[in-house]
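> dropping a prediction and its sequence here:
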Amino acid sequence: MRVSASLVRFHITLCLWVATHAICSSAFAQGGYTTEKRPDLGLTFPRARDYEEIPIPPSEEFTVLYFGEKMPEKADQRKRVRPEMSILWIDQVPDRDIKTGENVPPPDPEPKPPEDKDKKPEPRKKTINSIERYFEVNFVGWGLGKGVDGKDRNGIKPREFLLRAKTGLPHKGWVYTYDTPQRSIAIFGLCAADDFDSQVKIWRNTAEHLDIKEPEEKSPDKLKVFYARKPLKAIDYRIQVRLDLVRGWKAEDTENYIVVYDTPDQPLVRRILRDLELLRKEYEKMFPPAKPVEAVSTVRVCKNRAEYLSYGAPEMSAGYWNWVDEELVFYDAEIVDKQHRTSDADTFIVLYHEAFHQYIHYSTGELPPHSWFNEGTGDYFSGAVIKDGKLQKIGPNPWRLGTIQGAISTEQFVPWHDMIKFEQPQYYNPLIVHICYAQGWSMIYFLRKCDVVEKRPEWKKILPTYFNTLKSVYGTKLTELEAAGKKDDKAARGKAGLEARTKALEDAFKDVDLSELEDAWKLFTLGLEDVRKR
């Protein structure tokens, strides 16, 4: 569990002063206030002159400003615990439920990297989206009292809290928070209990005169100017994405995407921006959309797996297409610590897979294909090798090859006549989902890469016929639903989708001997080589 940087600083200061200084009853004289203006945060407030600003560690997520009382030169004038005042910034992001349904992601890589075998699963952290949640998560062993309403400030009703250590330590804290629909901004003070009465007056003066505006970077007018000369589509959408950014997150634009990220790895971000557009061209070649795709896709890159899980990701996932919020969500999979450094290759395996789901969502008119086609094609693109700014080739997916070769060797694969008809519940059956993902990939890879398929017209037409029939039939049925006033009828759209998928299968596999096709697939798949073992 991450411990608040403020709490760490508080305890370090406490230990130092208890060890080296006696308690002094005389207070260091308070010398009035100076006005602090922070347009980058949209904050203006009076700051006691006897407080000085202290740098904040880059890892700190919620403290945006930190001040401590200036230390007198004479040791006998120093307090046992240095009083401190922080300004907290907590965005009002919703609690994230685990994603299920159409956006169920692929299982974790198989096999897991050796260094991960003995690691325990990371606990899912609570989303910090309120003052109460902040202290619950970060100040274990402390108790936040019941909030008391303070004086209105620019139409915002603030709340005031006392913070006490449950362990009986003679220290107290005080919190004064302004809660808006966008975020909570709070003044948070800590000191020794015997200094509390004098210090709380200083903190209260700052809190009650805190002026809150939108930060400069959150100005819609400035964002409009920012985009005015950029030849990009969906400007209003891009502006809203930037307005909704949680503090600390950044955004970059490409022709078809806006990438929001919380990783400091700039080379990784630049590669993501490049690869997304390179693969988008490949998606469009293979799967021409039913109509021009005007939507801009959001890609969210979390800084690590813990943040990814807190965002609502399924436990057994490395990335997912969140079709509800229309976001592709994954994380920087590179791990760097004192023991080891792992490659970020897994990051791109996930990116190439999930970006296909995002594209096909719009390309088919928001109708997901059968899972073998949808997940299999996503995994097909996961084998992309991009070098020197170009797509060099698409090779075997290293996550799936060993699994499907084992399933074929032990006759545990799913017969093709069953697999092609699987709807999502059958495909995601926990007992066979790992085989289904591996087999879906291998079916697509076989149909696109095997020389024998190239020589058999009835096999070569399977994939293009399936896709073209799917989008054509579904488009026709949507037109009929719109004419009948049922365009937004979920049940009617679901029925139309099922009929389109059924017709796509029927046309794609017409005149195909599935037993013969399956035998050729097994022979081809068993002969593939895992490039990682070379």
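Everything's here; your move.
> got any ranges where this protein has weak pLDDT?
Within the chain, the stretches with pLDDT under 70 are 1-30, 57-59, 96-125, 310, 334-345, 531-534.
> show me the domain layout of it.
Domain ranges of the chain: 5-93+129-214, 396-534, per automatic domain parsing.
> let's have the ones you listed in a markdown table, adding mean neighbour count and distance to Phe287.
Bear in mind the C-beta positions are built from the backbone N, C-alpha and C, glycine included. Formatted as a markdown table, these follow (neighbours: other CB atoms under 10 Å; distance: least, CB to CB, whole Å):
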| stretch | mean neighbour count | distance to Phe287 |
| --- | --- | --- |
| domain 5-93+129-214 | 16 | 34 |
| domain 396-534 | 17 | 6 |
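> need those in CSV (columns: distance to Ala355).
Shown next, in CSV, are the domains of the chain (distance: least, CB to CB, whole Å):
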stretch, distance to Ala355
domain 5-93+129-214, 24
domain 396-534, 15
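> that's a strand at Thr34, yeah?
Yes: when DSSP: H, G, I helix; E, B strand; the rest coil is applied, Thr34 is found to be in a strand.
> for Lys213, see how far away it is.
Noted for Thr34: a distance of 19 Å to Lys213, by CB to CB, to the nearest Å.
> thinking Ser86 is in contact with Phe188, fair?
Yes: counting by CB atoms under 8 Å, Ser86 does reach Phe188; the two are 4.6 Å apart.
> who touches the helix or strand harbouring Ala500?
Here Ala500 is covered by helix 490-508, with elements defined by DSSP states H and E. Residues from elsewhere that reach helix 490-508 (CB atoms under 8 Å, 6 or more residues apart in numbering): 367-370, 420-421, 461-463, 465-467, 469-470, 473-474, 477-478, 481, 486-487.
> out of the domains of the chain, nearest to Gln240?
For Gln240, the closest of the domains of the chain is domain 5-93+129-214, at 12.9 Å, according to CB to CB.
> which helices and strands does the helix or strand that the helix holding Ala500 is followed by pack with?
As assigned by DSSP H and E, the chain's next helix or strand after helix 490-508 is helix 514-526. Helices and strands touching helix 514-526, by 3 or more CB pairs under 8 Å, 6 or more residues apart in numbering; DSSP states H and E, are helix 401-409, helix 416-419, helix 433-449, helix 451-454.
> distance to Arg82 added to those helices, as TSV?
Listed next are those as TSV, based on distance: least, CB to CB, whole Å:
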stretch	distance to Arg82
helix 401-409	57
helix 416-419	66
helix 433-449	55
helix 451-454	73
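> these: which one's closest to Ala520?
So among the helices and strands packed on helix 514-526, helix 451-454 is nearest, using CB to CB, at 5.5 Å.
> helix or strand next in line after that closest one, which one?
For helix 451-454, the following helix or strand on the C-terminal side (DSSP H and E) is helix 457-460.
> what does that following helix rub up against?
For helix 457-460, using CB under 8 Å, 6+ apart, the contacting residues are 447, 452-454, 510-512, 517.
> surely Ile185 is in a strand?
Yes: assignment of Ile185 by three-state DSSP places it within a strand.
> could you check how far it is from Arg204?
On the measure of CB to CB, Ile185 and Arg204 end up 15 Å apart.
> cool, and Ala438?
Distance, Ala438 to Arg204, using CB to CB: 62 Å.
> cool, and Asp253?
Taking CB to CB, one finds Asp253 at 43 Å from Arg204.
> any idea how far the helix holding Ala500 is from the chain center?
Computed by CA atoms, centre = their mean, to the nearest Å, the chain-centroid distance of helix 490-508 equals 32 Å.
> got the CA positions of that helix in PDB?
C-alpha atoms of helix 490-508 as PDB (Å, rounded to 0.1, in the frame of the first residue of the first chain):
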ATOM      1  CA  LYS A 490     -31.200  -2.800 -27.700                       C
ATOM      2  CA  ALA A 491     -33.100  -6.000 -28.100                       C
ATOM      3  CA  ALA A 492     -33.800  -5.400 -31.800                       C
ATOM      4  CA  ARG A 493     -30.200  -4.400 -32.400                       C
ATOM      5  CA  GLY A 494     -29.000  -7.600 -30.600                       C
ATOM      6  CA  LYS A 495     -31.300  -9.700 -32.800                       C
ATOM      7  CA  ALA A 496     -30.000  -7.900 -35.900                       C
ATOM      8  CA  GLY A 497     -26.400  -8.500 -34.900                       C
ATOM      9  CA  LEU A 498     -27.000 -12.200 -34.300                       C
ATOM     10  CA  GLU A 499     -28.600 -12.600 -37.700                       C
ATOM     11  CA  ALA A 500     -25.700 -10.700 -39.300                       C
ATOM     12  CA  ARG A 501     -23.200 -13.000 -37.700                       C
ATOM     13  CA  THR A 502     -25.100 -16.100 -38.600                       C
ATOM     14  CA  LYS A 503     -25.300 -15.000 -42.300                       C
ATOM     15  CA  ALA A 504     -21.600 -14.100 -42.300                       C
ATOM     16  CA  LEU A 505     -20.700 -17.600 -41.100                       C
ATOM     17  CA  GLU A 506     -23.000 -19.200 -43.700                       C
ATOM     18  CA  ASP A 507     -21.500 -17.300 -46.600                       C
ATOM     19  CA  ALA A 508     -17.900 -17.600 -45.400                       C
END
